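> Sequence unavailable; structure follows:
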């Protein structure tokens, strides 16, 4: 893989990981339409996710610090367990557990569906999810969320391992449906992503080493996904504040239709 290809894929991941349009699906389609092949190696997902993971850490550094500090303090102090940071940490852990379980169980499904045709179908489904998602809810703080809310979001995030199903879009939609407001839903969604993405990055080190990836494209891809991902995070919050989440649905349906037509005509 050339450095230019790495930058393009990293930028696509950064832009589409947080916008509700499915980063995994777009990586597959960009690779397909640019003639780079129908299947991406696993190390690409690992490298691009590492960049967007860092973007979340920087953008949500206050929430990350509150959750980490609250969890560590809460392990040794009853007083700390009454603070918001402890509650936020437990919610994130509760939501991450089903994601990990489903992700591991569906790993084979993910690899089998990592192709243009199933991605096109999944993008159309994501468009429907965004179209019917509520605009906001009454729950404004992590303390307002229940553990059931967190688990529901975690289950949805696990199912979004299917390429073409937007992880951010589906989890934010689920949290909105559970009553989270338009500011809280993306914050919790991206914190859930942070835990899972960190696990993917750590566990994927072996895959990267086995693939013997050159340093230049690996670093370029990670850097591009970080920079573009950070900018995309700002955009998501702005879009949700305006209540225009469903504006992405027509785009997804068009991309889905174009991809389906292209695949059918190529056979």
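Arrived safely, thanks for sending. Fair warning: this is a prediction, and the values are worked out from it, not measured in the lab.

> List the backbone torsions phi and psi for residue 180.
phi -70, psi 150 (degrees, to the nearest 10).

> Count the residues that sit near it.
Counted with other Cβ atoms under 10 Å, residues neighbouring residue 180 total 28. C-betas here are computed from N, CA, C, even on glycine.

> Point out where this structure drops to low pLDDT.
38-39, 203-204, 207-211 (pLDDT under 70).

> And the helices in it, which stretches?
Secondary structure of the chain (DSSP state H): helices at 3-18, 23-33, 42-59, 61-74, 84-105, 107-112, 116-132, 147-159, 167-177, 184-203, 205-211, 215-241, 248-265.

> who touches the fourth one?
What it means is helix 61-74. 56-57, 80-81, 83-90, 92-93, 187, 191, 194 (Cβ atoms under 8 Å, 6 or more residues apart in numbering).

> Just the buried subset of those residues, written out for ChimeraX, thanks.
Entered in ChimeraX, the line below selects the buried ones among the contacts of helix 61-74, by 16 or more other Cβ atoms under 10 Å:
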select :56,57,80,81,83,85,86,87,88,89,90,92,93,187,191,194
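
> ok so, going back, quick one: which of the helices of the chain is nearest residue 138?
When the helices of the chain are compared by Cβ to Cβ, helix 184-203 sits nearest residue 138, at 10.2 Å.

> so what does the closest one touch, helix or strand wise?
helix 42-59, helix 61-74, helix 84-105, helix 147-159, helix 167-177, helix 215-241 (3 or more Cβ pairs under 8 Å, 6 or more residues apart in numbering; DSSP states H and E).

> Redo those helices as a markdown table? Include distance to residue 201.
Shown next, in a markdown table, are the helices and strands packed on helix 184-203 (distance: least, Cβ to Cβ, whole Å):
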| stretch | distance to residue 201 |
| --- | --- |
| helix 42-59 | 5 |
| helix 61-74 | 15 |
| helix 84-105 | 14 |
| helix 147-159 | 16 |
| helix 167-177 | 15 |
| helix 215-241 | 10 |
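
> for those, which one ends up most surrounded?
helix 167-177 (a mean of 26; mean count of other Cβ atoms under 10 Å).

> so how far is that one from its chain's centroid?
11 Å (Cα atoms, centre = their mean, to the nearest Å).

> For that helix, give me every contacting residue.
17-23, 126, 129-130, 132-137, 145, 149, 152-153, 156-157, 159-160, 182, 184-186, 188-190, 192-193, 236, 240, 245, 248.

> at 7 Å what do you get?
Here helix 167-177 makes contact (Cβ atoms under 7 Å, 6 or more residues apart in numbering) with 17-18, 20, 126, 129-130, 133-134, 136-137, 149, 152-153, 156-157, 160, 185-186, 188-189, 192-193.

> Show me which of those residues are buried.
Of these, these count as buried by 16+ other Cβ under 10 Å: 17-18, 20, 126, 129-130, 133-134, 136-137, 149, 152-153, 156-157, 160, 185-186, 188-189, 192-193.

> which outside residues touch stretch 195-202?
Contacts of stretch 195-202 (Cβ under 7 Å, 6+ apart): 46, 49, 50, 52, 53, 92, 96, 99, 100, 103, 157.

> Now render the residues you listed as TSV, adding distance to residue 27.
What follows is those, written out as TSV (distance: Cβ to Cβ, whole Å):
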residue	distance to residue 27
46	12
49	10
50	14
52	12
53	16
92	26
96	23
99	20
100	22
103	17
157	18
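
> now, which of these sits nearest residue 206?
residue 46 (9.9 Å).

> That closest one and residue 133: what is the separation?
29 Å (Cβ to Cβ, to the nearest Å).

> Same question for residue 186.
On the measure of Cβ to Cβ, residue 186 and residue 133 end up 12 Å apart.

> now do residue 160
To residue 133, residue 160 is 14 Å away according to Cβ to Cβ.

> Tell me which two of the contacts of stretch 195-202 sit farthest apart.
46 and 92, at 21.5 Å, using Cβ to Cβ across those.

> Pretty sure residue 226 sits against residue 55.
Yes. Under the criterion of Cβ atoms under 7 Å, residue 226 makes contact with residue 55 at 5.2 Å.
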